[in-house]
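J.: got a predicted structure here, sequence first:
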Amino acid sequence: MPSPSEPGGLVWFDAPPPPRATPLLSRERIVAAAIDVADADPRGAITMRTIAARVGSSTPMSLYRWVGSKDGLVDLMVDEVYGQFTVPDGDWRAGLRGMGLSGWAAVQRHPWFARMAFSRPPLGPHAIALYDAALGALAGLQLDAATRMGFVNTVLGQLLGSGLALLEEATMRHRAGVRSDEQLTDAARPYLERITAEGRYPHFIAWANDPGRNAPAPPTFEQVLDWQLDGLEALACER
């Protein structure tokens, strides 16, 4: 297994404590700067050089003493966002619903999180505390261990999938130079007019030209979460 200082190594495994903070550098300052950089980039991209400039360090290499590697920095960033999730007290449904909604708020603040969370194991202290609290909310149900984790991952999977879609759409819009749905519609209009005239995709064109195609509006994350919880509740009642 790679050490924490090597690419792919997990910062949580046998990592020595970071050096004592200096007036310029600390693990907390580096992670906060990295999150600011990722938040500001439409793709959620980070480079050690950009982060070093943000904290006022003369060289990117100086950051590695505190985070081990770029992968180690990603571990720390992801876990920081996991710390923004909450599992409120109450019954299991309220706990998982609160986890989903607080997570969705965090993902909207930090869209890059969904992609980075898929790329690194959730083994940081905040992530494990979140899983512990969510599994604790389910402890009163007569469910086996795999099913309990399945309930938690159903909510987290929807959250991360929706977050990844949010990030990729923002990336696409940035790359295409469009900022609004209206601009995207205007950009696509000549193409849609052409394929309408060709008549090659009658069902798609019928939908695209239907003035009511967006009514009702697509379900919100909260609506989809409630549908999922309805299904999990029905499953729990069968056990």
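T.: Noted; the coordinates are in hand.
J.: can you check which helix is longest in this structure?
T.: Ranked by residue count and defined by DSSP state H, the top helix of the chain is helix 145-176.
J.: for that helix, buried residues please.
T.: For helix 145-176, burial by neighbour count (16 or more other CB atoms under 10 Å) applies to 148, 151-152, 154-156, 158-160, 162-164, 166-167, 171, 173. Where you see a C-beta, it was placed from the backbone N, CA and C, and this is true even at glycine.
J.: and the helix or strand bottoming out on mean pLDDT in the chain, what does it pack onto?
T.: One helix or strand of the chain scores below all others by mean pLDDT, DSSP states H and E: helix 181-198, with a mean of 85. With contacts defined as 3 or more CB pairs under 8 Å, 6 or more residues apart in numbering; DSSP states H and E, the packing partners of helix 181-198 are helix 145-176, helix 202-208.
J.: repeat that for 7 Å
T.: When contacts are defined as 3 or more CB pairs under 7 Å, 6 or more residues apart in numbering; DSSP states H and E, helix 181-198 sits against helix 202-208.
J.: and after the helix it packs on, which helix or strand comes next?
T.: helix 221-238 (DSSP states H and E).
J.: helix 145-176 and that following helix, what's the angle between them?
T.: Per axes from the mean of the first three to the mean of the last three CA atoms, to 10 degrees, the angle that helix 221-238 makes with helix 145-176 is 170 degrees.
J.: and helix 221-238, what's buried?
T.: So for helix 221-238, counting by 16+ other CB under 10 Å, buried means F221, L225, Q228, L229, L232, A236.
J.: could these be laid out in TSV, adding pLDDT?
T.: Output for the buried residues of helix 221-238, formatted as TSV (pLDDT from 0 to 100):
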residue	pLDDT
F221	93
L225	96
Q228	95
L229	96
L232	95
A236	90
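J.: what's the neighbour count on L25?
T.: Per other CB atoms under 10 Å, the neighbour tally for L25 reads 21.
J.: swap in the one 5 residues further on?
T.: Summarising burial for I30: neighbours were counted as other CB under 10 Å, giving 26.
J.: got the buried residues for the one helix or strand it maps to?
T.: Secondary-structure element containing I30, defined by DSSP H and E: helix 27-40. By neighbour count with 16+ other CB under 10 Å, helix 27-40 contains the buried residues R27, R29, I30, V31, A32, A33, A34, I35, V37, A38.
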